[in-house]
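In: What would the 3D arrangement of this be:
(2 chains)
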Amino acid sequence: MKKADVPQDETCFAATNMKEVVYAVGEDGNYEKALSSGWNAKAIALQESLDLIDEQVALTIQKIKAGELSPIAYYMEVQRMDVAILASYVGFWQWRVKRHLKAKSFGTLNTKILGKYAEVFEISIQELKTPSI
Amino acid sequence: MKINFEHKQSAHCENGVVSNLLNYNELKVSEPMVFGIASGVFFVYIPFIKLNLAPLFSFRPMPGFIFSRVSKRLGFKIKRLKFTDKVKAQQQLDKELVKNNPVGLQVGVYNLTYFPDEYRFHFNAHNLVVYGKEGDTYLISDPVMPEVTTLTAKELEKVRFAKGPMAPKGHIYYPTQLSEHIDLKKAIIKGIKQSCNQMLAPVPLVGYRGIHFVAKKIRKWPEKIGVKKTNHYLGQLVRMQEEIGTGGGGFRFIFAAFLQEAAVILENPKLETLSKEMTVIGDQWRDFAIDASRLYKNRSKETDAYTKIADKLDTIANAEKLFFLKLKQSIK
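Out: Numbers count the residues shown, from 1 in each chain, chains lettered A, B, ... in the order given. Here you go, the predicted structure:
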């Protein structure tokens, strides 16, 4: 890649005024560092993965409203976690977290366990029980 | 207290931390040099590890390998500590800072407040340098950021004790005992040799064979797992190839920059020619990323399009095979 071809597309970097370093060939044929404000090709890829999360969250909300899943599933996905990550944050086995994702077992949880989830998600127990979805 | 530490923005966090820490300790090595000596150029496809609902593709060795290989090849030691106790982790950090010793930390990305929101995933192998403390605030040199930044003690604790795969556990590291006589030439040759070996490795999922393997999969995916999933997998491949920390084209441009530096140090003009060839391969990777992104943006239904980009990937794999065979010859 020539230095003149370093992509300067407008991406999510714009909000924080960030630029990233790439290595490119300068006019004298030698490699040098260049700054890029982002590249559409990869911004699209990134957006695609974020859209997938949103889609997943929308599906989960439906299932919570239908009484299948618990609000823990919603907060987990909004914070871009999966069961393995959430389990290591709350310090439970994965099978236990999986069970807590079901609406049925969520209702039986005591405040101590609910408190642990609330702490990880940085919300109150009240918010955990009644998410604004 | 503030250590007089020079922050240089780099393309990849681990190279950058290593290069900046070594520069502070009066060993001047550029980012591409660190990358090359550590044999950072790589490809691996790991279908059985899923990351964000897609298989893992990687253009780099395991996190941590770069520093260990550089230390081995340049002959210095690294002190590494991990903690279970958060208080002890902070005490150790403060102790080093008082000694005027900037240290590297492994951290999780998700809670890094200064990162753009789009990049905040639960990825736990990011690296940064702490070079001072003022009151309750730590001075941070994050190599992928343009400028130095800060984190409060609480924020820093949170990222140092992020959980999940590859949890950092407060991991702190810094170079010790730099040797007086550094044989840069030997280190470079070692780095090049290992690069060739790993890219030409006789196993199906690694190196140029790994790229062929993925190309073969791309031909089958649309029928087997559906267009939607295929597009997501391709998106993952492009993100791994071009996200912050790859320097573009899956590290190929950094490797080309390394070869150019190496050509001068080893007085081997063949490496200069090979550097140019690597640049061409890097450009091919970028072309591939453009085509792939078009594919999932337009949600094209024709399977023909997938065959076409698979062909492109095969071309790249062949080019890399030839390239690393030549590279192997050139340093004999």
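In: pLDDT weak spots in the stretch 101-250 of chain B?
Out: Within the stretch 101-250 of chain B, the segments meeting pLDDT under 70 span B:244.
In: Which stretches in it count as helices?
Out: B:153-160, B:184-199, B:207-224, B:227-242 (DSSP state H, counting those that start in this stretch).
In: Could you save those as TSV and add columns showing mean neighbour count and distance to chain A?
Out: Yep, even glycine has a C-beta here, placed from its N, CA and C like the rest. Formatted as TSV, the helices of the stretch 101-250 of chain B follow (neighbours: other C-beta atoms under 10 Å in any protein chain shown; distance: least, C-beta to the nearest C-beta, whole Å):
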stretch	mean neighbour count	distance to chain A
helix B:153-160	19	10
helix B:184-199	19	16
helix B:207-224	19	15
helix B:227-242	22	4
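In: and B:Lys326, which of the ones you listed is closest to it?
Out: Relative to B:Lys326, the nearest member of the helices of the stretch 101-250 of chain B by C-beta to C-beta is helix B:184-199, separated by 9.4 Å.
In: still on that earlier bit, to B:Tyr114, which of the helices of the stretch 101-250 of chain B lies closest?
Out: helix B:153-160 (9.5 Å).
In: Packing partners of the closest one?
Out: Judged by 3 or more C-beta pairs under 8 Å, 6 or more residues apart in numbering or on different chains; DSSP states H and E, the packing partners of helix B:153-160 are helix B:86-98, strand B:103-107, strand B:137-141.
In: correct me, but B:Leu200 touches B:Ile211?
Out: No. B:Leu200 is beyond contact range of B:Ile211, at 11.9 Å (criterion: C-beta atoms under 8 Å).
In: Now do the same contact list for B:His181.
Out: B:Gly75 (C-beta atoms under 8 Å, 6 or more residues apart in numbering or on different chains).
In: swap in B:Tyr119?
Out: A:Cys12, A:Leu46, B:Val109, B:Glu243, B:Ile244.
In: Likewise for A:Leu128?
Out: So A:Leu128 contacts A:Pro71, A:Ile72, A:Tyr75, A:Leu114, A:Tyr117, A:Ala118, A:Phe121 (C-beta under 8 Å, 6+ apart).
In: Same question for A:Ala43.
Out: So A:Ala43 contacts A:Asp9, A:Thr11, A:Cys12 (C-beta under 8 Å, 6+ apart).
In: Closest one of those to chain B?
Out: Ranked by distance to chain B (C-beta to the nearest C-beta), the contacts of A:Ala43 are led by A:Cys12 at 4.3 Å.
In: Mean pLDDT per element in chain A, and the minimum belongs to which helix or strand?
Out: helix A:13-16 (a mean of 74; mean pLDDT, DSSP states H and E).
In: neighbouring contacts of it?
Out: A:Lys19, A:Glu20, A:Ser37, A:Gly38, B:Tyr114, B:Pro116.
In: The fifth one and B:Pro146, how far apart?
Out: In this case it means B:Tyr114. 11 Å (C-beta to C-beta, to the nearest Å).
In: before we move on, which element is the residue most central in space within chain A in?
Out: Taking C-alpha atoms, centre = their mean, the centroid of chain A lies closest to A:Arg80, which sits 2.6 Å from it. Counting by DSSP states H and E, no helix or strand carries A:Arg80.
In: which residues touch it?
Out: Counting by C-beta under 8 Å, 6+ apart, A:Arg80 makes contact with A:Ile53, B:Tyr110, B:Arg120, B:Phe121, B:His122.
In: Between all of those residues, which two are separated the most?
Out: So, the contacts of A:Arg80 by C-beta to C-beta: farthest apart are A:Ile53 and B:Tyr110, at 13.1 Å.
In: show me where chain A has helices.
Out: Taking DSSP state H, the helices of chain A run over residues A:13-16, A:40-65, A:71-78, A:83-90, A:94-100, A:103-106, A:111-121, A:125-129.
In: deepest of these, which one?
Out: Mean neighbours per residue, mean count of other C-beta atoms under 10 Å in any protein chain shown, is largest over the helices of chain A for helix A:71-78, with a mean of 22.
In: any idea how far A:Val78 is from the residue lying farthest from the centre of chain A?
Out: Centroid-distance maximum for chain A: A:Asp28 at 42.7 Å, with C-alpha atoms, centre = their mean. Separation of A:Asp28 from A:Val78 (C-beta to C-beta): 50 Å.
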